[in-house]
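1. Below are the sequence and a predicted model for it; my questions follow.
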Amino acid sequence: MQKFSNFTGQARHGLEKTGLMSRQNPMDMSTAPPLKRPMNGQPSSPMAASDSIVNLSFNVPFASNLPGPEADEILHASPKAVEKWTFPEGTEEDTPIHKLPVHHGNVEQLRRLCRVLTEGSQGRVEATVTSSEPKPIPTLQRRPRKGLVTNVCVSGDSDVVHKMRAKILNETPIMLKLALVDIDTNLVIRQDLSGIRQEVLEHLDAVASYTGTDIFLLNPKPQDPENTAASYGNGSDVHFDQRLRIAIYGDSESSEHSKTRILIMIDQILQRHVDIMKLELSLHTITCGRTRKNIRLIEAASNTAIYFPPPFPRIYGYTPPGARRRGEDEVYITGENKQSVEVAKKKLHDLVMNTKCYVKDVMVSAHKIDSILLDRLDKVRKVMETNGSYVLFPQLGSQRGLIRVQGTEILHVERTVREIMALAGQFYSATWWLADPASAGASSMRAPSPSDIRTMLSDICTNSGAEIGFEKLTFAINGSDDAVKAAMMVIHQIPFVKRAQYQIRVKIELANEHKEFVSGKKNGKINKIMGQSNVQIIFDGFNEYNFYIDVCGAQYDATKNGLELVEQEMPASISFHVPDQYHKRIIGIGGQHIQRIMKRYSVFVKFSNAMDRGGIGKEDDDIKIDNVICRTPARNAQALDLVKQEIMDMVEKVDAEFVSETVVINRLYHRQLIARINEIEDLEKKWNCKIDFPATEMASDVVTISGPEYQVPQAVDQFLGMVPESHEIVLPAPSQLREFFRSAEFEPEICQKLKSQYEVNLQVRNDAKIEDLKIEDKGAETGETGDKDKEKEKADDTIEERLLLQYTRNNAGGLKDAIDFLVSHLIPHGLDASTVKGAIPRPKSDSFEDSLPFFDSKLLHNAPTPLGTDSPTRSTFGDDVSDRGSLFGKIRKPGSISSISSFLDRRKNQSNGSGSFFKQASSNASRASLVSMESRDSGYRNPWNDSGVNLPEGDETVGNGGWPLRFENKSEQKLPFASIMSGDMTPRHDPRASHDSGRPSTSHSTNGYPVPIGPPR
């Protein structure tokens, strides 16, 4: 604390030495308000009586861009849902989404509420509502706000105005969202396939009425014609695209409540037992443990599914009319029987009884708490899940600045607090004081009227996104960094503000440990900025974690310039994981290696070992947290990736940078996988990876596998080997074919070869179906004879045999080849290949195929006779090359050929986020193909690129000087080298992915250089 006081004094001493504190101007600091006063401090100059009214303008966060379902996809809808979420008949196609009846009704409901509040206050307060589309602000590098923005401007006494703001936000359906639940068709359809079961539809309507939501039962997702086959990582669309969708529309808490009840309905259809357990809300995330490890163990041991309620109930305050909220302490448990549910309840009870908690209260600005609740609540949930902690926020608009953090260990509580403080640093606050016209000698300037003020504030708030207050000729601005700067730009363009004398102060919140980083040695950086920009910069303490940087000036351009320079000195950082055994090698003897890197790139690098992160044995062995942090001023942020690349080059391939990949598995099968937790743990240890299942209440199919980038593919392959898949084909079976199925040759020639070559088990179903043919003897009526005998002859060919192909997901790429093998061996026994139902069509061939017909080879195929033309590649200029015969048109293409292009695509996109390894895998890439291409020695290296680095993703154009056009497939470009520009190009490195952080984002720093502000973890 003593050190902090000394530092603040030095900063102010530096201001005095620059002479800025004593400069002479009409807004001299001797008459201006003190810089350290509160946001709503009283200016020293006398104010007119008309200025005593407080004006507050804020945007109501309606989800006006949320579209409704397509009308032709709706199978069933809850009462009045269609009228609310679809346009009436005859509406023009380009009608904006915000004109949907539900969005229009919400705005009208807000207008009525403001009218009632205004009339009930007896003139003490006035609220006006405006809705408009924001306009882009010139010269500001920010993405324009889209959609309709609804703004409320409240005028009156200070206490009444803030209470009215809270009342409006808590009685309005803000933050509408869409929740989706996929459900297997066979669970809800009637046995006679005539439609949806009536009891299911009635239950959906009851849930919609009970929770106050709108529920739609939608058709399956339309299949992508370009991807009609099984994908290596994401399964077969036969299983996933055929599921019905339940779409739930409502506010955040209501939609989560409705979603959970629908998930329980599905469990009840599956004959699972349901029970409820009461558990204190603040203990939910603590009981689950870090990354929900504890709850996964309980679910695995008891074979149950545990549904926790949302962690922030009643935080928005709104409840739909007639709806009921879920109990905030109710935990639903479903299991195969009552005994398994009782086992889960007992384990939960024992876990809670053995849990000890540490609690810490932290002060945060009330405006920033509201901003976090409206804009960053998802990040707070991730922080809580990562650290196994709980954060208690006050209700939206309550104007309370205290939050409470609770956790099982002090280290986890501290990490959570620092993450929340870093989120708070992403929001700015600013104050703009205007001099009184009378005291400034400008009595001829007319002050704006109350109606002008409301119009002005609404316009500023709508176009910037910030919250604006105006009291006694003082603007108070709160919001994100871009929003505050945009609001200041709009205020500066107001005529009466330009003519007045003013003082501006912008407050930036930053972690205490970055104080010396920003100020420099002996306040050198700060003094230089003050000298260049003619502004004053003061460091002001706030709490034990953060401090304020006040940038003050008497001119807008100077303040803007000073703020930009300060932002450029703020820390941009990146963090990643390097195994501890490599730290000494990277640092070098006496720090020689790392010092050389730091000097070359002007980047500070900090390593932390297990002891620095809280000691060995604190779950760090199975959670690979970041232990290297690189930090540099934001102006030099582009050097961070270069430093990371150079450090990771000194790490062995098997321990290379940690990445995350995703695979899609039916969520109902997650329970069976979790029950095999011992096998999964062995898999994780073998490949040094971590497999994370989504929370049960999320109803997500996505499983995340994270680990070293060269180990993850093997881990994914082995994990998908635990997921069974099946594919059924139906074919008409004449008597010859049926005899072959029953013969002794069928097993060794077909079944065993499918198993050995394609890892596919073949099963002939015995429930062959004979179609009922109503053969009537019409000879007496029509005089025709012999028809009955012909129909009986055809009846023999109408018998259908069903063949079931069973395999595991990692072998899904060979399904096409297995079906082709099966069909080709059944054709000699009387099968007509054109009548097979369930065969998977082959994708278009690679671009090599187009070039092969031009080689006149008698061994392979006779090419067309070349004619006399001037073209070296075409026989005639008018011919269509695609009409010619090709080698692949005569023989069957092996599976490995068509998997090369997808492998290269996967290699090119390997570091572009989740799901990039296998999401675009070839549809017919067999396991043998993948193993041959993805050997550990090659390490995902692109065989077409000798440099070993990734080819550029951009500039997807082909020049005439590149590869000849005959290598180009005009309908689909598959091989990445076909899009390289001509000439000798040096491939660039793809930026490595890094984890998110709460560093205050600035318009002058590169986005995505994340790390939590604070000491390395």
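-> Everything's here; your move.

2. only C-alpha atoms for contact and neighbour calcs from this point on.
-> Fine.

3. part of a helix, is residue 295?
-> Yes: Residue 295 forms part of a helix when assessed by DSSP: H, G, I helix; E, B strand; the rest coil.

4. That one touches residue 285, doesn't it?
-> No: counting by CA atoms under 8 Å, residue 285 is not a contact partner of residue 295; they are 9.7 Å apart.

5. Among the two, which residue is more densely surrounded?
-> residue 285 (25 against 22; other CA atoms under 10 Å).

6. residue contacts, the more buried one?
-> 292, 311, 384-385, 388-390 (CA atoms under 8 Å, 6 or more residues apart in numbering).

7. Extract the CA atoms of stretch 558-571 and return them as CSV.
-> Taking C-alpha atoms only, stretch 558-571 is exported to CSV below (Å, rounded to 0.1, in the frame of the first residue of the first chain):
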residue,chain,number,x,y,z
ALA,A,558,-6.0,16.6,-27.8
THR,A,559,-7.8,14.2,-25.5
LYS,A,560,-8.5,11.8,-28.3
ASN,A,561,-4.8,11.8,-29.3
GLY,A,562,-3.7,11.3,-25.7
LEU,A,563,-6.2,8.5,-25.2
GLU,A,564,-4.9,6.7,-28.3
LEU,A,565,-1.3,7.0,-27.1
VAL,A,566,-2.2,5.6,-23.7
GLU,A,567,-4.0,2.7,-25.3
GLN,A,568,-0.9,2.0,-27.4
GLU,A,569,1.1,1.7,-24.2
MET,A,570,-1.4,-0.7,-22.6
PRO,A,571,-0.3,-4.3,-22.4
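
8. model confidence over that stretch, on average?
-> Mean per-residue pLDDT for stretch 558-571: 94.

9. With stretch 429-437 instead?
-> Averaged across stretch 429-437, pLDDT comes to 88.

10. and the end-to-end length of stretch 689-703?
-> 13 Å (CA to CA, to the nearest Å).

11. tell me the contacts of residue 518?
-> Counted by CA under 8 Å, 6+ apart, residue 518 has contacts 525-526, 566, 569-571.

12. just residue 498 next, same as before
-> residue 492.

13. Which helix or strand lies directly C-terminal to whichever strand or helix holds it?
-> Element membership of residue 498, judged by DSSP states H and E, is helix 495-499. Per DSSP H and E, the first helix or strand lying C-terminal to helix 495-499 is strand 502-511.

14. what's that following strand packed up against?
-> In terms of contacts (3 or more CA pairs under 8 Å, 6 or more residues apart in numbering; DSSP states H and E), strand 502-511 is packed against helix 410-424, strand 427-434, strand 546-553, helix 556-569.

15. The longest one vs strand 546-553, what angle?
-> Interaxial angle, helix 410-424 versus strand 546-553 (axes from the mean of the first three to the mean of the last three CA atoms, to 10 degrees): 20 degrees.

16. Pull out the buried residues from helix 410-424.
-> Going by neighbour count (16 or more other CA atoms under 10 Å), the buried part of helix 410-424 is 412-424.

17. Tell me where the stretch 201-350 of the chain has strands.
-> Assigned by DSSP state E, counting those that start in this stretch, the stretch 201-350 of the chain shows strands spanning 214-218, 244-250, 273-278, 304-307, 330-335.

18. how about the closest residue to residue 551 other than its chain neighbours, secondary structure?
-> Distances taken as CA to CA, 6 or more residues apart in numbering place residue 537 nearest to residue 551, at 4.7 Å, with adjacent residues excluded. Under three-state DSSP, the three-state class of residue 537 is strand.

19. about what we covered before: Serialize the helices and strands packed on strand 502-511 to TSV and add fields for distance to residue 487.
-> Putting the helices and strands packed on strand 502-511 into TSV (distance: least, CA to CA, whole Å) gives the following:
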stretch	distance to residue 487
helix 410-424	19
strand 427-434	10
strand 546-553	16
helix 556-569	12
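
20. Next, count neighbours for residue 597.
-> Counted with other CA under 10 Å, residue 597 comes out at 19.

21. How about the contacts made by it?
-> 603, 643.

22. Tell me the predicted confidence for it.
-> For residue 597, pLDDT reads 95.

23. The helix or strand harbouring residue 822 packs against which elements?
-> Assessed by DSSP H and E, residue 822 sits inside helix 815-826. Packing partners of helix 815-826 (3+ CA pairs under 8 Å, 6+ apart): helix 752-758.

24. Could you list the buried residues of the helix it packs on?
-> Buried residues in helix 752-758 (16+ other CA under 10 Å): 752-754, 758.

25. got these as JSON lines, with pLDDT and distance to residue 591 columns?
-> Shown next, in JSON lines, are the buried residues of helix 752-758 (pLDDT from 0 to 100; distance: CA to CA, whole Å):
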{"residue": "752", "pLDDT": "92", "distance to residue 591": "61"}
{"residue": "753", "pLDDT": "91", "distance to residue 591": "60"}
{"residue": "754", "pLDDT": "92", "distance to residue 591": "59"}
{"residue": "758", "pLDDT": "91", "distance to residue 591": "54"}
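
26. Could I get the buried residue list for the longest helix belonging to the chain?
-> Longest helix of the chain, by residue count under DSSP state H: helix 101-120. For helix 101-120, burial by neighbour count (16+ other CA under 10 Å) applies to 101-103, 106-107, 110-111, 113-114, 117-118.

27. what helices or strands is that helix leaning on?
-> Checked by 3+ CA pairs under 8 Å, 6+ apart, helix 101-120 has helix 81-85, strand 125-132, helix 158-170 packed alongside it.

28. Downstream of the last one, the next helix or strand is which one?
-> On the C-terminal side of helix 158-170, the nearest following helix or strand under DSSP H and E is strand 177-183.

29. Partner strands of that next one and their direction?
-> Sheet partners assigned to strand 177-183 using DSSP bridges are listed as strand 244-250 (antiparallel).

30. give me every residue that touches residue 474.
-> 431-434.

31. is it possible to export these to CSV including neighbour count and distance to residue 325?
-> Formatted as CSV, the contacts of residue 474 follow (neighbours: other CA atoms under 10 Å; distance: CA to CA, whole Å):
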residue, neighbour count, distance to residue 325
431, 24, 40
432, 25, 43
433, 23, 45
434, 22, 47
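
32. For the residues you listed, work out which two are farthest apart.
-> 431 and 434 (9.9 Å; CA to CA).

33. list the contacts for residue 412?
-> 387-389.

34. Per-residue pLDDT of it, please?
-> At residue 412, pLDDT is 92.

35. Next: the one 4 residues further on.
-> The score at residue 416 is 95. That number is its pLDDT.

36. Double-check residue 272 against residue 340; I have them as touching.
-> No: between residue 272 and residue 340 there is no contact under CA under 8 Å: 10.3 Å.

37. thinking again about what came up before, can you check which of the helices and strands packed on strand 502-511 gets nearest to residue 602?
-> Of those, nearest to residue 602 by CA to CA is helix 556-569, at 12.9 Å.

38. which residues are contacting the closest one?
-> 492, 504, 506, 518, 525-526, 529-530, 532-535, 551-553, 633-635, 1002, 1004-1005.

39. Among those, the buried ones, what's the PyMOL command?
-> Buried subset of the contacts of helix 556-569, written as a PyMOL selection, criterion 16+ other CA under 10 Å:
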select buried, resi 492+504+506+518+525+526+529+530+533+534+535+551+552+553+633+634+635+1002+1004+1005
